[in-house]
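*Asks:* Test case, fold it:
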Amino acid sequence: MTSPISRRATLFVVCTAHFLMPFMMSAVGIALPVIGLEFAASARQLGLIETAYVLSASIFLLAMGRLGDIHGRKRIFEIGIVVFTLAGGLLSQAWSVEAMIGLRLLQGMGGAMVMATTNAIVVSVFPAQERGKALGISVASVYAGISCGPFIGGYLVTHFGWRWLFYICVPLGLITFLVSRRKLRGDWADAAGEPFDLRGSLVYAAAILLLIAGASQLDQGRWAWGLAAAGVLGLLHFLHLESRTAHPLLNVSLLRENRIFALSNLAALLNYAATFGLTFFMSLYLQYVKGMNAHQAGTVLIIQPIVQTLFSPLCGKLADRYPASQVATLGMGLCAVGLGIAATLDAVSPLALIMAMLGLLGLGFALFSSPNTSVIMGSVAPRHLGVASGLSATMRTLGMMTSMTIITVIFSVLMAGEPVTAATQDAFLRSMTWALLTFCALCLLGILCSLGRIRK
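*Replies:* Numbers count the residues shown, from 1 in each chain. Predicted coordinates:
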């Protein structure tokens, strides 16, 4: 058994990486209005800066998780940190919005290598009776990164410019890499020697690309609908291939035969799809509608992730003491209420209501995330923990991608590619309302998934 010192060191490395990834994502979100002004970017292009990262992570996550099982999770983790940091350095020198979108794709690939291995490393090191607590701490570090992103990012953007967000990515990534080299013990190549499913990974990547390329331009005509339909068919073909492959990228039997595992992953997908886009909308809303600068908006937005950071370790412990599925269902319900309140915001909504809504969503997501992850990990045999970890992370990134795709589609329909300005404020508010109502409906579907596994 791994020594307690090794467990603490491993958790420290995982938490460091978990802090860095969302820090860069949330910091970029608060900088979008300034980036859009410099490059004269449309609302759709601003959405693509966020979507490109999540799309890339979604494409590569399954493949990187499998490569980690074959070649060692520590190796893939460290390569991912290097790619992520290198892309951040290049983003600091971006010369156009198109260049930013392309470099965010590269950064997303590095992020996928990290996200595909961190949870698998935690569950490989910690025994079952400590897993909920460890996952709660690691989730808290994610929210700490989200918390610091808008606050520190808003300060940097306001006083130094948006490029400083990517300048600081380099030393943060370097520190994470050096700590990993010195402190992360073990390799965890449980599938060493097995072949990699290249065909499955290519089919999956093509299907995701087709789906998003079509869904983000549905207002452009039948060809876009055709691309989206081809993407859906591609995903179905991918599942068929995986069910007939000896060493698949995704073990389909877990989804087909384990009802609790399948419903818990679906609940995670719906929750992330419903909540991820909120920060994007609130950043634009606070700056364009309420007239705040980036630093002021970041100070308000920090409320949600601070609540998540404070309560996530406690919720992880609750998942060890009480039925985790019930705790997660309560969290999903609070998220639905918070999104319903957010959908009512307009140009004269009081700041107190906005702050209360963000706090409620923070508590709801803290109650959902750690317990739901514990349900996923506890619903499979030990030999499938790596697969469960990778698929859980995939649901997170697919949910984020779905959230930004919904936003992109709604912007395309209601704003016709126009930038967010004072002249288009009414169209922006309509877009935000419809998107948040859609997100609230997704949360309600997630509650049904949670109720289904509780009956089980």
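*Asks:* Low-confidence regions, the stretch 151-300 of the chain specifically.
*Replies:* Per-residue confidence for the stretch 151-300 of the chain (pLDDT under 70) gives these ranges: 185-186, 189-190, 216-221.
*Asks:* Let's see that with 80 instead.
*Replies:* Residues of the stretch 151-300 of the chain that meet the criterion pLDDT under 80 lie in 151, 154, 176, 179-180, 182-194, 212-221, 250-251, 254, 294-295, 298.
*Asks:* list the buried ones in the host helix or strand of residue 280?
*Replies:* Secondary structure here is read from DSSP states H and E; on that basis residue 280 sits in helix 259-284. Buried positions in helix 259-284, judged by neighbour count with 16 or more other CB atoms under 10 Å: 260-284. Heads up, the C-betas are built off the backbone N, CA and C, glycines and all.
*Asks:* now what about the helix or strand just after that helix, what contacts it?
*Replies:* Per DSSP H and E, the first helix or strand lying C-terminal to helix 259-284 is helix 294-301. Helix 294-301 has contacts (CB atoms under 8 Å, 6 or more residues apart in numbering) with 26, 30-31, 33-34, 149-155, 157-159, 279, 282-283, 286-287, 290, 292, 351, 354-355, 358.
*Asks:* ok and helix 294-301 relative to helix 259-284, angle-wise?
*Replies:* Between helix 294-301 and helix 259-284, the angle comes out at 140 degrees (axes from the mean of the first three to the mean of the last three CA atoms, to 10 degrees).
*Asks:* right, and the helix or strand after helix 294-301?
*Replies:* Later in the chain than helix 294-301, the nearest helix or strand by DSSP H and E is helix 303-321.
*Asks:* for that following helix, packing partners?
*Replies:* Here helix 303-321 is seen to pack against helix 128-159, helix 324-342, helix 351-378 when contacts are counted using 3 or more CB pairs under 8 Å, 6 or more residues apart in numbering; DSSP states H and E.
*Asks:* To residue 207, which of those helices lies closest?
*Replies:* Distances from residue 207 to each of these were compared using CB to CB; the shortest belongs to helix 351-378, at 23.3 Å.
*Asks:* which ones are touching residue 211?
*Replies:* For residue 211, the set of contacting residues under the criterion of CB under 8 Å, 6+ apart consists of 227, 228, 230, 231, 232, 234, 235.
*Asks:* Give me the buried subset of the residues you listed.
*Replies:* Buried residues within the contacts of residue 211, defined by neighbour count using 16+ other CB under 10 Å: 227, 228, 230, 231, 234, 235.
*Asks:* ok, and the closest non-adjacent residue to the last one?
*Replies:* This means residue 235. Sequence neighbours aside, residue 207 is the residue nearest to residue 235 in space, at 4.6 Å (criterion: CB to CB, 6 or more residues apart in numbering).
*Asks:* Now do the same contact list for that neighbour.
*Replies:* Taking CB under 8 Å, 6+ apart as the test, what residue 207 contacts is 230, 231, 232, 233, 234, 235, 237, 238.
*Asks:* returning to that earlier point: the inter-axis angle of the helix holding residue 280 versus helix 128-159?
*Replies:* Between helix 259-284 and helix 128-159, the angle formed by their directions is 20 degrees, by the same axes, to 10 degrees.
*Asks:* Start at 50, not 1
*Replies:* Shifting the count to begin at 50 puts that one at helix 308-333.
*Asks:* Next, check the contacts of residue 256 against the strands and list the overlap.
*Replies:* Mapping these onto strands (DSSP state E) picks out no residues; all lie outside.
*Asks:* In helices only, show me the residues you listed.
*Replies:* Counted as lying in helices by DSSP state H, out of the contacts of residue 256, are 279, 280, 281, 282, 283, 284, 286, 287.
*Asks:* Residue 476: which of the residues you listed is nearest?
*Replies:* Within those, proximity to residue 476 (CB to CB) peaks at residue 280, which comes in at 28.1 Å.
*Asks:* Let me see the domain layout of this structure.
*Replies:* What automatic domain parsing lists as the domains of the chain is 53-233+296-504, 246-295.
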